[in-house]
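Colleague: Based on what follows, work out the 3D shape:
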Amino acid sequence: MIGIEPLVFNSLWIAAAVLIIVTIGAVIQAGLGMGFGLTVAPVLALIDPALVPAPALFLGMSTSLVGAVAERQNIVWSEVGVGTVGRTTGIALGAVLLTYISDRSTFQLVFGILIAVAVTLSVFGWNVKMSTRNLLGMGWVSGFMGVITSVGAPPLALIYQSRDSQKSRPTLAAFFAVGCAMSLAALYLSGWAGMDQFWLACFMAPAAIFGTLVGARLKGRVATNYRPYLLAIAGMASVLLIIQGVM
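Modeller: Numbering: from 1, shown residues only. Okay, the predicted model is just below:
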């Protein structure tokens, strides 16, 4: 684990900014069944690198679990199972890569590059046909990106973007609840997660709960109105992270 001293407890302004960002991410997650990581993780990495990936994954797991339980009758469990098989191998490779990252600059560089990939996938939104092979493949990419950055939604969104939201939303929520738990287990085993990260997640949890309650009322309207702006923010954050990583 990279020993990064959390900044969030040393500044009231940083703490307030973090809580606002988490609230917005939870609103989006509750409305779509995904999107928390891409909204929250890049900005948190810029503000306070100690908040990613493990603390953000804790919150992502929690918000996804709430969404999955709320609409559990519409979850397509066979698709969750296939995607999880693919995610398992992606998580394993990502966790191995993390064991070779020993400094903050390298982490920011890798983090920024993967966020840029996630934003690109979201912006272009290629339509990937639903099939067992594609679900396995996108699950693999989701796992690899998710364990390093806590952002694993964009690859799966390529498959689910044109499907009925009544089933895709809870199915994705169930997939990410399981996937985030697996990613956290891998981070613990690789030394990138511990009690410090858990307490950071606890600090952000009230904002995540509040945002989830608001998002449950808004559903997909948030994505329609604000998605381009959120992607722009994530894209700019990825560029700044890459610049910080190479300097």
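Colleague: ok, the residue nearest the centre of the chain - contacts?
Modeller: Nearest residue to the geometric centre of the chain (Cα atoms, centre = their mean): Gly37, 2.5 Å. Residues in contact with Gly37 (Cβ atoms under 8 Å, 6 or more residues apart in numbering) are 25, 56, 60, 146, 149-153. C-beta here means a position set from N, CA and C on the backbone, and glycine is covered the same way.
Colleague: And Ala68, its phi and psi?
Modeller: Main-chain torsions, Ala68, degrees, to the nearest 10: phi -70, psi -40.
Colleague: and the least confident helix or strand in the chain by mean pLDDT, what other elements does it pack with?
Modeller: In the chain, no helix or strand scores lower on mean pLDDT, DSSP states H and E than helix 221-246, which sits at a mean of 83. Applying 3 or more Cβ pairs under 8 Å, 6 or more residues apart in numbering; DSSP states H and E, one finds that helix 221-246 contacts helix 12-32, helix 36-47, helix 104-124.
Colleague: just to revisit the earlier point, which residue, other than its chain neighbours, is closest to the residue nearest to the centre of the chain?
Modeller: If the residues on either side of it in the chain are set aside, Gly37 comes closest to Val151, at 3.8 Å by Cβ to Cβ, 6 or more residues apart in numbering.
Colleague: what does Ala186 give?
Modeller: Nearest residue to Ala186 in three dimensions, chain neighbours excluded: Ala95, at 4.0 Å (Cβ to Cβ, 6+ apart).
Colleague: Same question for Leu135.
Modeller: In space, Leu135 is closest to Val82, 4.8 Å off (Cβ to Cβ, 6+ apart).
Colleague: Please tell me how far that neighbour sits from Met130.
Modeller: Applying Cβ to Cβ, to the nearest Å, the value for Val82 to Met130 is 10 Å.
Colleague: Looking at those two, which one has more neighbours?
Modeller: Shown here are Val82 and Met130; by other Cβ atoms under 10 Å, Val82 has more neighbours (19 against 13).
Colleague: residues in contact with that one?
Modeller: Going by Cβ under 8 Å, 6+ apart, the list of residues near Val82 reads 132, 135-136, 139.
Colleague: Done for today, thanks.
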